[in-house]
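Student: Predicted structure and sequence below. I'll ask about it afterward.
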Amino acid sequence: AQSVTQLGSHVSVSEGALVLLRCNYSSSVPPYLFWYVQYPNQGLQLLLKYTTGATLVKGINGFEAEFKKSETSFHLTKPSAHMSDAAEYFCALFEWGNTPLVFGKGTRLSVIA
Amino acid sequence: DVKVTQSSRYLVKRTGEKVFLECVQDMDHENMFWYRQDPGLGLRLIYFSYDVKMKEKGDIPEGYSVSREKKERFSLILESASTNQTSMYLCASSLSGQSSYEQYFGPGTRLTVT
């Protein structure tokens, strides 16, 4: 069965520091992978997605993620954190034939001034 | 822009009440979904629907039912609300077929059952 594991329920970084949010997945077929962001009291917004092709994908607000099949990982990075990046981040997986996305449990990112 | 709206942002209900949460999307999407979100548990799928009058159970359907009489509207029903159903409820929609993976979310309804 497919699954998504996000390492670390809470990550805290200083403003200007590197952001690294970890996501590992389990899937029997090549999956599509996503990162969603949720700002306080809002719904989820798509940050970036990997479907096929280039394994390094860029999203909104300077975030990017790299699909590594050998490591079954899809970690999210941003070179320099901004206070406005404070939010909850969800990694999600999609397998053809299974319409609903499978979500990780989320990682709350705090940015310290 | 796809818009998914939910009828209430905040709702307070009493134990035993029947509760309706409404979700409407304006992009003619075939698929619609209801999730609940709890701290430390992430998003858990309650029900989803591929088409009008069709529904499928998700991971945690117990205590919930759904209704989809029109394509644009998907309702979540708590037949007899209980305190353990206090949560954030998120609705989402997507196209079918090639783009079915791209889900669009509403702002959520924070339900408190007292």
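Tutor: Perfect, thanks for sending it.
Student: bridging residues for A:V13?
Tutor: Going by DSSP bridges, A:V13 is paired in beta bridges with A:V111.
Student: now swap in B:Y89 and tell me
Tutor: Following DSSP bridges, B:Y89 is listed with bridge partners B:R36, B:T109.
Student: now the one 5 residues further on
Tutor: Going by DSSP bridges, B:S94 is paired in beta bridges with B:N31.
Student: For it, report the pLDDT, please.
Tutor: You'll see B:S94 listed with a pLDDT of 90.
Student: what's the spacing between it and A:N61?
Tutor: Going from B:S94 to A:N61 by C-beta to C-beta, to the nearest Å gives 23 Å. For every residue, glycine as well, the C-beta is placed using N, CA and C.
Student: which of these two has more neighbours?
Tutor: Between B:S94 and A:N61, B:S94 has the larger neighbour count (other C-beta atoms under 10 Å in any protein chain shown), namely 24 against 13.
Student: OK, contacts around the more buried one?
Tutor: The contact partners of B:S94, by C-beta atoms under 8 Å, 6 or more residues apart in numbering or on different chains, come to A:T99, B:H29, B:E30, B:N31, B:F33, B:S100, B:Y101, B:E102, B:Q103, B:Y104.
Student: Tell me which helix or strand the residue nearest the centre of chain A sits in.
Tutor: For chain A, the residue nearest the mean C-alpha position is A:W35 (3.5 Å; C-alpha atoms, centre = their mean). A:W35 is part of strand A:32-38 when elements are defined by DSSP states H and E.
Student: list the helices and strands that strand packs on?
Tutor: strand A:19-26, strand A:44-50, strand A:64-68, strand A:73-78, strand A:87-95 (3 or more C-beta pairs under 8 Å, 6 or more residues apart in numbering or on different chains; DSSP states H and E).
Student: Lowest-confidence entry in the contacts of B:S94?
Tutor: Across the contacts of B:S94, the bottom pLDDT score, 68, is held by A:T99.
Student: what residues does chain A put near chain B?
Tutor: Contact residues (C-beta under 8 Å from any C-beta of the partner chain) of chain A with chain B: A:9, A:32, A:34, A:36, A:41-46, A:49, A:51, A:90, A:94, A:99-101, A:103-106.
Student: Mind doing that once more with 6 Å?
Tutor: Contact residues (C-beta under 6 Å from any C-beta of the partner chain) of chain A with chain B: A:Y32, A:Q42, A:G43, A:L44, A:F94, A:T99, A:P100, A:L101, A:F103, A:K105, A:G106.
Student: Show the buried residues in the residues you listed.
Tutor: Buried members of the residues of chain A next to chain B, counted by 16 or more other C-beta atoms under 10 Å in any protein chain shown: A:Y32, A:G43, A:L44, A:F94, A:T99, A:P100, A:L101, A:F103, A:K105, A:G106.
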